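>>> using only what follows, build the 3D model:
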Amino acid sequence: MSVVIYLAIFMIFVGAFFLVIFLFAVKNGQFDDLESPAHKILLDDDIEEADKKQVIQKSDKKHE
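Reported below is the predicted structural model:
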């Protein structure tokens, strides 16, 4: 029976530890913007405008 008491006290400390970590993340703005990371995957920022023009020019030369 004493083991249950020790486990209960241990679980209270573990729960308090995770609560402190969660509150720290909230305070630092970890959960402020939930929409942008989901939409960033859809954006193609790897190709710059100059690169786009080169790709268009290359494709035009292939069709000639």
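>>> what about the longest helix in this structure?
helix 2-27 (DSSP state H).
>>> what's the average pLDDT for that one?
Mean per-residue pLDDT for helix 2-27: 96.
>>> mind checking what helix or strand follows it in sequence?
helix 36-40 (DSSP states H and E).
>>> just the CA trace of that next one, in PDB.
Taking C-alpha atoms only, helix 36-40 is exported to PDB below (Å, rounded to 0.1, in the frame of the first residue of the first chain):
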ATOM      1  CA  SER A  36       1.000  29.900 -40.600                       C
ATOM      2  CA  PRO A  37       3.000  26.700 -40.200                       C
ATOM      3  CA  ALA A  38       0.300  24.700 -41.800                       C
ATOM      4  CA  HIS A  39       0.200  27.000 -44.800                       C
ATOM      5  CA  LYS A  40       3.900  27.400 -45.200                       C
END
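>>> number the chain from 201, please
Will do, 201 is the new start, and the previous item becomes helix 236-240.
>>> so which residues make contact with that helix?
The contact list for helix 236-240 (Cβ atoms under 8 Å, 6 or more residues apart in numbering) is empty. To be clear about C-beta, it is placed using only N, CA and C from the backbone, and glycine gets the same treatment.
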